[in-house]
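Visitor: sequence plus the predicted model coming up.
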Amino acid sequence: MVRGICQAEQEATIEQVVLGGEGVARTPDGVIFLSGVLPGERVVYRVAGQSAAFRRGELLAVLEPSPDRVMPECPLARPSPIGCLGGGLRSACPGCVYAHVKSEAEVRLKQAQLLETLRRLGGLSLEALEGIGSPISAIRAIRYRNKAVFHVARSGKEWQVGYYGLDNQTILDVPDCLLTVEPIAEAYFEQRRRPEWPHTLRDGMTVTFRWTQRDGVVWWRNRSDPRTPWLTEEAGGLLLRVPADSFFQINPWMTACLVSEVEAVIREVQPGAVVDLYCGSGLFSMAAFRAGVSRGWGVEVDGRAVEAAGWNARQAGMTGYTFAACSVERGLRGGGLQFSANGLLAIVDPPRGGLSEAVRQRLLQLSPRDILYISCACDTLARDLRSFWADGRYRVRRICLLDLFPRTAHFETLVWMRKEAS
């Protein structure tokens, strides 16, 4: 447990920036973690807390800035004084951990973090890591999010609508999030300026805005009305209907790149059939069909998304595809899969928590010829992949990082594995 302390100023040189965005420096007193820094920078800090394994510090000044440092576009991401005795420098909003970094440097940092995580947690050999492809940088660094979920804190006549702050409890009022697309920013501003809007808010409420090119902006408080018409999303030339509160990738420009990478793997694999796990509204099944795969089976726990996947498949003429509304664990256990493992491609796109132990074991039993794993969390990705390549059963053929979430600590990773000949 970290305990609060307040010490004298110290200097250090940042060695690296690790997964999550914090910089690491090694000092005579041990390892120190600092936010808002870059590799090679000489900084002044004060220790703010420590545990048995490491210390955390407050950044006081950057003596020797990196050439990759820039002034954040967002006022809430610019450093401001915090902490004891005037304290350190840290942005008010913790979400954009790379707001102070040039885009090309940001993707280099993320690539290094991916490699280190796959090596350290996933046990991937250096030989396999040498085959990793170049990362795909974000097309837009800001104004890319097609969805925003704002939290409400209200006490009497005072109210804040925005994101959780540094303490993960206080709601930081956010008049404009620069990550949201312009139409969402405009709609959000229009609501905030209405005198009656505060009277419609309740403490603890969420307010969600979602945008598509074809539908414009829709928004709702807490959960969307089930009667809300489905939205029309477009990704790399694929058109599909998606329920308003169902999952879809939040960066339309980079989702098109992701679909292109998925299709490239599928065309190279040339599978006889695909199993699309965590299929949502059927995006990757549609990509597989366009890439020439006539048969497929999708599983998704969101029943409304599965309904949309079926509708999308019918509209696209995907007569050889079926979808099941259940958990992936139940779907794989229930025997709904009718395809032979020989020539089978399993596409898995799980939520941030990754695959459960049951899903990993069932996939190993199923033993598809190829596995295409798409992940937004490389730590759980590495944990899961260890199960497939630890005993040499599968070999990595391709790894690709796509920066779907610029300015934040997150990124998307695509990993293609092929079963080794027995």
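Guide: Here it is on my side, so go on.
Visitor: please give me every residue in contact with the residue nearest in space to the middle of the chain.
Guide: Using C-alpha atoms, centre = their mean, the residue of the chain that lies closest to the mean C-alpha position is residue 376, 3.9 Å off. For residue 376, the set of contacting residues under the criterion of C-beta atoms under 8 Å, 6 or more residues apart in numbering consists of 351, 352, 404, 405, 410, 411, 412, 413. Heads up, the C-betas are built off the backbone N, CA and C, glycines and all.
Visitor: distance to residue 98 and secondary structure for these - can I get that in CSV?
Guide: As requested, the contacts of residue 376 are exported to CSV (distance: C-beta to C-beta, whole Å; DSSP: H, G, I helix; E, B strand; the rest coil):
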residue, distance to residue 98, secondary structure
351, 23, coil
352, 19, coil
404, 14, coil
405, 10, coil
410, 10, coil
411, 10, coil
412, 15, strand
413, 17, strand
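Visitor: out of these, grab the one that's most surrounded.
Guide: residue 411 (27 neighbours; other C-beta atoms under 10 Å).
Visitor: how about residue 262: what's its closest non-neighbour residue?
Guide: With C-beta to C-beta, 6 or more residues apart in numbering as the criterion, residue 262 has its nearest non-adjacent residue at 5.2 Å, and that residue is residue 287.
Visitor: quick check, that neighbour in contact with residue 265.
Guide: No: assessed by C-beta atoms under 8 Å, residue 287 is found out of contact with residue 265, at 9.8 Å.
Visitor: more crowded one of these two?
Guide: Legend: neighbour count by other C-beta under 10 Å for residue 287 and residue 265, higher for residue 287 (25 against 22).
Visitor: still on that earlier bit, could you check how far the residue nearest to the centre of the chain is from residue 164?
Guide: According to C-beta to C-beta, to the nearest Å, residue 376 stands 19 Å off from residue 164.
Visitor: doesn't the residue nearest to residue 262 lie inside a helix?
Guide: Yes: residue state for residue 287 (DSSP: H, G, I helix; E, B strand; the rest coil) corresponds to a helix.
Visitor: who's in contact with it?
Guide: 236, 238, 259, 262, 263, 266.
Visitor: close enough to count as contact, residue 366 and residue 339?
Guide: No: using C-beta under 8 Å, residue 366 is not in contact with residue 339; the gap is 9.5 Å.
Visitor: neighbour count winner among those two?
Guide: Taking residue 366 and residue 339 together and counting by other C-beta under 10 Å, residue 339 has the greater number of neighbours (18 against 15).
Visitor: which residue packs closest to the more buried one, ignoring adjacent ones?
Guide: Of all residues beyond its chain neighbours, the one nearest residue 339 is residue 273 (4.2 Å), with distances taken as C-beta to C-beta, 6+ apart.
Visitor: and residue 354, by the same measure?
Guide: Closest to residue 354 by C-beta to C-beta, 6+ apart is residue 380, at 3.0 Å.
Visitor: so where does the one you found fall, helix or strand?
Guide: Take DSSP states H and E as the rule and residue 380 turns out to sit in helix 378-389.
Visitor: list the buried ones in the following helix or strand past that helix?
Guide: Using DSSP H and E, the helix or strand that directly follows helix 378-389 along the chain is strand 394-402. Along strand 394-402, the positions that meet the burial threshold by neighbour count (16 or more other C-beta atoms under 10 Å) are 394, 396, 397, 398, 399, 400, 401, 402.
Visitor: equivalent analysis for stretch 407-422, please.
Guide: Using 16+ other C-beta under 10 Å as the test for burial, stretch 407-422 gives 407-419.
Visitor: so which of the residues you listed would you say is closest to residue 249?
Guide: residue 412 (8.3 Å; C-beta to C-beta).
Visitor: which strand residues bridge the closest one?
Guide: Taking DSSP bridges, one finds residue 402 as the beta-bridge partners of residue 412.
Visitor: how about residue 216?
Guide: Beta-bridge partners for residue 216, by DSSP bridges, are residue 212.
Visitor: can you tell me how far it is from residue 222?
Guide: When distance is defined by C-beta to C-beta, residue 216 is 21 Å away from residue 222.
Visitor: lowest confidence element among the helices and strands of the protein?
Guide: Taking mean pLDDT, DSSP states H and E as the measure, the helices and strands of the chain show their lowest mean at strand 3-4, namely a mean of 40.
Visitor: can you name the element that comes right after it?
Guide: With elements assigned by DSSP H and E, the helix or strand that comes after strand 3-4 is strand 10-13.
Visitor: pLDDT added to the buried residues of stretch 407-422, as CSV?
Guide: Output for those, formatted as CSV (pLDDT from 0 to 100):
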residue, pLDDT
407, 97
408, 97
409, 97
410, 98
411, 98
412, 98
413, 98
414, 97
415, 96
416, 96
417, 94
418, 94
419, 94
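Visitor: now do the SS call for residue 132.
Guide: Note that with three-state DSSP, the state of residue 132 is coil.
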